[in-house]
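Asker: Using only what follows, build the 3D model:
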Amino acid sequence: MKRILAASIGGILFTAAGVAAAGNFASNREADYFAKGTHEFYVWCASGTDYLTRADGASAEEAQISLYRSIKAAGKASCWPVWQARVASH
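Answerer: Alright, predicted model coming up:
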């Protein structure tokens, strides 16, 4: 009976630690979205010529808008940049 109780408590603690760690990842990702810097985008194209690219901006939204405008200016009207992550600067 003591082993079952110990295993149950261990499982609960392990689960709680996992949930706390996942919360930290989510908040870092949110902070990265609003941070200034270089952002990476997956550019989805209806024609199937998808690709990865990077753009600078005061936030991911600003970088995405700038990238979207440059894609449209290049004549790729059926492409849309989707934010992936902020690229760490070295």
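Asker: Out of the helices and strands in this protein, which is least certain?
Answerer: The helix or strand of the chain with the lowest confidence, counting by mean pLDDT, DSSP states H and E, is helix 2-34 at a mean of 66.
Asker: Okay, buried residues for the helix or strand following that one please.
Answerer: Past helix 2-34, further along toward the C-terminus, the next helix or strand under DSSP states H and E is strand 37-45. By 16 or more other C-beta atoms under 10 Å, the buried positions in strand 37-45 come out as 37, 39-41, 43. For glycine as for every other residue, the C-beta is placed from the backbone atoms N, C-alpha and C.
Asker: Check these against V82 and report the nearest one.
Answerer: F41 (6.2 Å; C-beta to C-beta).
Asker: any idea how far that closest one is from D56?
Answerer: 11 Å (C-beta to C-beta, to the nearest Å).
Asker: what is in contact with the two at once?
Answerer: Contact criterion C-beta atoms under 8 Å, 6 or more residues apart in numbering; residues shared by F41 and D56: A63.
Asker: rewinding a little: export the buried residues of strand 37-45 as a markdown table, with columns for distance to A77 and pLDDT.
Answerer: Formatted as a markdown table, these follow (distance: C-beta to C-beta, whole Å; pLDDT from 0 to 100):
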| residue | distance to A77 | pLDDT |
| --- | --- | --- |
| G37 | 28 | 94 |
| H39 | 22 | 96 |
| E40 | 22 | 96 |
| F41 | 17 | 97 |
| V43 | 13 | 96 |
